[in-house]
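> Whatever this is, show me its structure:
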Amino acid sequence: MVRKQKTQRSEQRDATREAILEAATRLLAKQGYAALRVAAVAEEAGLSLGGHLHHFPSKESLVIAVLERLMSRSMDLLQKEAARVDAQDDRLMAIARSAQRFYSAPEYLIYLDIFLSVRRNTLVGDTAAKLLLSQRTATEALWLPRLIDGGIAAEHAALIAHALWALARGLALSLAGGPGKSKDQATIDFVIGALKRSALTEHA
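Residues are numbered from 1 along each chain as shown. I've put the predicted structure just below:
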């Protein structure tokens, strides 16, 4: 009986924490980091301010938890996308499409707003930078064996993955999906073609 009660309390705490993070994510998407207020998050989650502060005693602790949650969800999706690639797929295009989806997703826009809004050498700023680097490293490592299996030289596979993600990030930030979207795709197609020709030349 005691164990059951402890389990129920633990599940309730987890559910409350999740509700707070969902509420904070919604408000960050609507208002941005600068306008985020802890009291507004509590109201959005249907909690008292005291109930909110029990889980996240400060705005900084809340935002860091949101960042970690967004990054975890993004990595889960990236892993699923990479796992779906088979021998018949164009692996370079699969990487580019995965990167394009990541950088156009609402989750990344929230992350970017936080990253640009906070000062470096602060808890939130340092955490955001570390998470961004960790995500980039993990993503490149995720695609590395798939590129090698596809015939890309091991010493170039990481560079290719890095280049395609950097290209997708730069294009997403430059126009944010505006009127240059078709030109963005043409640019990606051109770069992938050049990478393929280079890879073929090396193995000729």
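> which residues sit against the helix or strand of the chain with the lowest mean pLDDT?
Every helix and strand in the chain was compared by mean pLDDT, DSSP states H and E; the lowest is helix 181-203, with a mean of 79. Taking C-beta atoms under 8 Å, 6 or more residues apart in numbering as the criterion, the residues outside helix 181-203 that touch it are 90, 92-93, 96, 100, 151-153, 156, 160, 163-164, 167-168, 171, 175. Placement of C-beta: from N, CA and C, glycine included.
> which of the residues you listed are buried?
Among the contacts of helix 181-203, those classed as buried by 16 or more other C-beta atoms under 10 Å are Leu92, Ala96, Gln100, Ile152, His156, Ile160, Ala163, Leu164, Leu167, Ala168, Leu171.
> Which members of those occur in helices, if any?
Secondary structure assignment by DSSP state H places Leu92, Ala96, Gln100, His156, Ile160, Ala163, Leu164, Leu167, Ala168, Leu171 of those in helices.
> least trustworthy position among the residues you listed, going by pLDDT?
Across these, the bottom pLDDT score, 87, is held by His156.
> What separation do you get for that one and Ser134?
The gap separating His156 from Ser134 is 23 Å, by C-beta to C-beta, to the nearest Å.
> so what's the nearest residue to Ile20 once chain neighbours are set aside scoring on pLDDT?
Nearest non-adjacent residue to Ile20, counting by C-beta to C-beta, 6 or more residues apart in numbering: Ala45, 4.9 Å away. Listed pLDDT for Ala45 reads 93.
> The one 5 residues further on too?
pLDDT recorded at Gly50 is 87.
> tally of neighbours for it?
8 (other C-beta atoms under 10 Å).
> now it: how far from Val38?
From Gly50 to Val38 the distance is 11 Å (C-beta to C-beta).
> Return every residue with contacts to both of those two.
Here Gly50 and Val38 have no joint contacts, going by C-beta under 8 Å, 6+ apart.
> Would you mind pulling the contact partners of stretch 121-131?
With C-beta under 8 Å, 6+ apart as the test, stretch 121-131 has contacts from Glu60, Val63, Ile64, Leu67, Glu68, Met71, Tyr111, Ile114, Phe115, Val118, Arg119, Arg120.
> and it, how far out from the chain's middle?
15 Å (C-alpha atoms, centre = their mean, to the nearest Å).
> buried ones in that stretch?
For stretch 121-131, a neighbour-count test (16+ other C-beta under 10 Å) marks Val124, Gly125, Thr127, Ala128, Leu131 as buried.
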